[in-house]
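S.K.: Need the 3D shape of this:
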Amino acid sequence: MKSYWYKEPWFWFVIFFPVLSVVAGTSTFIIFQNNQPDMVSDDYYKDGKKINQDLTKYHTALARNITFNLKFEDGFAVFTPATGDMVENEALNISFFHVTLAKHDISVLATASGDGSYRVEIPGDMLQGKWRVRAESFDGKWRIQEYVKYPNTSVIKLDGEQD
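M.R.: From the prediction side, this is the model:
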C-alpha cells in the first residue's frame, strides 16, 4: 500500500523545527526594527563638542545655587524653586528624557503658577523607570539636570550635582 508524503508523521516532525526557526527569526527581526534604541550617535566628535559647550550652563546653575524640588502628584510634575539666583516667575524649558526610548520624551515650556511653582502634565501612559529630568531657563543661561525614577512619591531635589 502506497502512502502519501503529507500523511507521514516523520516528514512533519523533520520540517517543524526549520519552519519554527524561520518564524522566530522573522518575528525577532520585526520586533527589533519597530523598537530600535536611540542611543547610538553618528558623529561622536560633534556631540562631544556640544556637551562641552552645554557644561557652562550647568556650571552657571551651580554658581548661582539654583535648585528645585520635584514632586509627582495627581498626574503632574510640580517643580518648586528652592534656592538660587534666578528671575522670579521666569518661564522654564522642562524636559523628560527616557534613558533609551526617544519617542517617549517630553519637552514643554512651563510658566509659573500663582504660588511660583511650575506644573507639567504627565501623560497617563508614561513609562515607569529611569528618566532624565532637565530644567533650563527660558533664555538658556543656566540648566540643571538629574536622573529620577518615575513614579516616585517623595520630593526629589534637583540641584545639578552628581550624586
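
S.K.: how far out from the middle of the chain is the helix or strand harbouring Phe29?
M.R.: For Phe29, the host element (DSSP states H and E) is helix 9-34. Its chain's C-alpha centre and that of helix 9-34 lie 34 Å apart, by C-alpha atoms, centre = their mean, to the nearest Å.

S.K.: One more: stretch 70-85?
M.R.: With C-alpha atoms, centre = their mean, you get 18 Å for stretch 70-85.

S.K.: Likewise for stretch 82-99?
M.R.: Centre-to-centre, stretch 82-99 and its host chain are 17 Å apart (C-alpha atoms, centre = their mean).

S.K.: buried set for that stretch?
M.R.: Buried residues in stretch 82-99, counting neighbours by 16 or more other C-beta atoms under 10 Å, are found at Gly84, Met86, Leu92, Asn93, Ile94, Ser95, Phe96, Phe97, His98. Quick note: C-beta positions are derived from backbone N, CA and C, even for glycine.

S.K.: residue contacts, the first one?
M.R.: Right, Gly84. Taking C-beta atoms under 8 Å, 6 or more residues apart in numbering, we find Gly84 in contact with Ala61, Arg64, Asn65, Ile66, Thr67.

S.K.: what separates the first one from Trp131, distance-wise?
M.R.: Relative to Trp131, Ala61 is positioned 19 Å away (criterion: C-beta to C-beta, to the nearest Å).

S.K.: now the second one
M.R.: Distance of Arg64 to Trp131, given as C-beta to C-beta: 24 Å.

S.K.: Comparing these two, which residue is more hemmed in?
M.R.: Neighbours were counted for Arg64 and for Trp131 using other C-beta atoms under 10 Å; Trp131 has more, 23 against 15.

S.K.: Could you pull up the residues touching that one?
M.R.: Neighbours of Trp131 in contact, by C-beta under 8 Å, 6+ apart: Phe96, Phe97, His98, Val99, Tyr147, Val148, Lys149, Tyr150.

S.K.: One more pass at 7 Å, please.
M.R.: Residues in contact with Trp131 (C-beta atoms under 7 Å, 6 or more residues apart in numbering) are Phe96, Phe97, His98, Val148, Tyr150.
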